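Trainee: I would like the atomic coordinates for the input below:
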Amino acid sequence: MTSTRSTGIWGESLAAEYLERNGYDILERNARTPYGEIDLIARQASVTVFVEVKTRRSTRFGNPEESITAAKRLHLLSAIESYLQSHPELDGEWRVDVIALQISSKTASELTHFENAIH
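Mentor: Numbering: from 1, shown residues only. Below is the predicted model:
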């Protein structure tokens with residue numbers, strides 16, 4: 001496993017813990033679709049929340065959330081559409097959140113939760 005991949009896995013775990021502490025139920029992690037992977041799928045009351053997690057060890061190439069390009073947004077929305085079609089029980093309101101983590105050594109130095117970040 002590469003350093004980048006292990007950083008991403010660790011960031012996704014921190015994001016899931018954060019969401020659970022804030023009243024979300026985690027439904028699935030790393031959901032695979034023909035259009036790509038969805039990092040976290042959660043429930044907040046009656047809303048299904050698809051969460052893109054971005055974790056960075058430095059800001060040399062910008063903040064974590066800045067790495068979500070237009071192409072990434074389109075792939076993510078296509079993945080969500082596919083996921084919803086194969087999970088009709090989730091019919092109803094949904095949104096896409098982004099959790100950006102800036103980490104230093106073995107601690108998260110900054111976690112930012114952007115609700116309804118991608119339309």
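Trainee: contacts only, for the nearest residue to residue 54 once chain neighbours are set aside.
Mentor: Excluding the flanking residues, the one nearest residue 54 by C-beta to C-beta, 6 or more residues apart in numbering is residue 64, at 3.7 Å. All C-beta atoms are positioned from the backbone trio N, CA, C, and that covers glycine. Contact analysis of residue 64 by C-beta atoms under 8 Å, 6 or more residues apart in numbering lists 54, 55, 56, 100, 101, 102.
Trainee: count of neighbours near residue 77?
Mentor: Using other C-beta atoms under 10 Å, residue 77 has 15 neighbouring residues.
Trainee: give me the pLDDT for it.
Mentor: You'll see residue 77 listed with a pLDDT of 96.
Trainee: do the same with residue 2
Mentor: Reported pLDDT for residue 2: 49.
Trainee: what do you get for the one 10 residues further on?
Mentor: In this model, residue 12 is scored at 92, pLDDT.
Trainee: the residue nearest to the spatial centre of the chain: what secondary structure?
Mentor: What sits nearest the mean C-alpha location of the chain, by C-alpha atoms, centre = their mean, is residue 52, with 2.1 Å. Three-state call for residue 52 (DSSP: H, G, I helix; E, B strand; the rest coil): strand.
Trainee: that one contacts residue 96, doesn't it?
Mentor: Yes. Look at residue 52 against residue 96 with C-beta atoms under 8 Å: they come within range, at 6.9 Å.
Trainee: what sits in contact with each of the two?
Mentor: With C-beta under 8 Å, 6+ apart as the test, residue 52 and residue 96 both reach 76, 117, 118.
Trainee: quick one: which of those residues sit in strands?
Mentor: The strands, defined by DSSP state E, take in nothing from these.
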